[in-house]
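J.: Provided below are the primary sequence and the corresponding predicted coordinates.
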Amino acid sequence: MIGGSEGTVRLLDVEPSLARGIDRFELDAAREKLTAEVARVEPGEWDAAAKRPPNPLFLGYLILDGAFTREISLSHRPSIELLGPGDLVRPWVIPHALDAMNVRGSWGVISTGNVAIIDEDFHRRAQEFPTIITVLMDRVVARSRWLGFHVAVCQLPRVDHRLLLVFRYAAERWGTTTGNGIKIPIRLSHRSLAALIGARRPSVTSAIGALTEQGLLQRSQDGTWTFFAGDVDPMAVLAGMEDLPGRLTA
């Protein structure tokens, strides 16, 4: 087990978007048949997830809530991928080329999460409703699209621009709009942010200070963040956003 069991759920009830493509006359039957066990994962290392399942029909773990990370270190410099609700992950899969170069990734949990175990039993039941497999594969592709965006963000010369775009992404995906900005319920340290955007921690600390002074960002005492630039145009960021303070590079 990768975490404490939280019981079984009807997956289409907790993830209604997975029903896309299922005929409405079959929807009730799909809700009843497409169940999955849910495991609760506490903050810290998530080593158990990387264990290869015995059955090749095991699809993976669908994150229902919480914030997860995958970290890779090259030449002692970490790089972090941030994952959350909707992501389908298969932590035990390592491309041969990376394996040959002894590149290893570690999985972690920032905030308590729940994952649905999409195992071989679910896979077999899903054959009756094949579009759900397509929708699950869309989740994998969506993750790769985010990674493409992530790589592009890391190429920007200004650290403050990188942070703005990453916080904008996090606000869109995990944020809750309040009367005082967008609350992002994820504890991201300066070290984690530096690894997320490919910068040095001192540069990130300086950039966060500048963004805070501009009233665009605020860190709470519990380590979570409030973002005040939910209407920032990403293209304006890429164009330079001349109203932001002086050049802050990695």
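T.: Sure, I can see it. Every value quoted in this text rests on a predicted model; they were computed, and no experiment measured them.
J.: Give me the neighbour count for residue 51.
T.: Residues near residue 51, counting by other CB atoms under 10 Å, number 10. No exception for glycine: its C-beta is placed from N, CA and C like everyone else's.
J.: Assign a three-state SS to the nearest residue to it once chain neighbours are set aside, would you?
T.: Leaving aside its sequence neighbours, residue 51 sits nearest to residue 92 (CB to CB, 6 or more residues apart in numbering; 6.4 Å). Here residue 92 is coil, with the state taken from DSSP: H, G, I helix; E, B strand; the rest coil.
J.: residues near residue 92, how many?
T.: 12.
J.: gap between it and residue 118?
T.: 14 Å (CB to CB, to the nearest Å).
J.: Could you do residue 8 as well?
T.: Taken as CB to CB, the span from residue 8 to residue 118 is 13 Å.
J.: neighbour count winner among those two?
T.: Higher neighbour count among residue 8 and residue 118: residue 118, with 24 against 12, using other CB under 10 Å.
J.: Could you list the low-confidence segments of this structure?
T.: Applying pLDDT under 70 to the chain flags residues 1, 3, 99, 234-250.
J.: in it, which spans are helices?
T.: Secondary structure of the chain, counting by DSSP state H: helices at 11-14, 27-33, 96-100, 120-126, 131-154, 159-174, 190-197, 201-213, 234-239.
J.: Output the ones you listed in TSV; the columns should cover distance to residue 181 and mean neighbour count.
T.: Listed next are those as TSV, based on distance: least, CB to CB, whole Å; neighbours: other CB atoms under 10 Å:
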stretch	distance to residue 181	mean neighbour count
helix 11-14	28	18
helix 27-33	37	14
helix 96-100	39	9
helix 120-126	39	16
helix 131-154	21	14
helix 159-174	9	22
helix 190-197	18	21
helix 201-213	12	18
helix 234-239	18	13
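J.: quick one: which of those helices is nearest residue 60?
T.: Closest to residue 60 of the helices of the chain, according to CB to CB: helix 131-154, at 8.3 Å.
J.: orientation of the closest one relative to helix 190-197 in degrees?
T.: For helix 131-154 against helix 190-197, the angle by axes from the mean of the first three to the mean of the last three CA atoms, to 10 degrees is 100 degrees.
J.: would you put the C-alpha positions of helix 131-154 in CSV?
T.: C-alpha atoms of helix 131-154 as CSV (Å, rounded to 0.1, in the frame of the first residue of the first chain):
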residue,chain,number,x,y,z
THR,A,131,-13.6,6.4,-23.5
ILE,A,132,-12.5,6.7,-19.9
ILE,A,133,-9.1,5.2,-20.9
THR,A,134,-8.8,8.0,-23.5
VAL,A,135,-9.6,10.6,-21.0
LEU,A,136,-7.1,9.3,-18.5
MET,A,137,-4.5,9.4,-21.3
ASP,A,138,-5.4,13.0,-21.8
ARG,A,139,-4.3,13.6,-18.2
VAL,A,140,-0.9,12.2,-19.0
VAL,A,141,-0.6,14.4,-22.1
ALA,A,142,-1.7,17.5,-20.2
ARG,A,143,1.1,16.8,-17.7
SER,A,144,3.6,16.7,-20.6
ARG,A,145,2.2,20.0,-21.9
TRP,A,146,2.8,21.6,-18.4
LEU,A,147,6.4,20.3,-18.5
GLY,A,148,6.8,22.0,-21.9
PHE,A,149,5.6,25.2,-20.4
HIS,A,150,7.9,24.6,-17.4
VAL,A,151,10.9,24.3,-19.6
ALA,A,152,10.0,27.5,-21.5
VAL,A,153,9.5,29.4,-18.2
CYS,A,154,13.0,28.3,-17.0
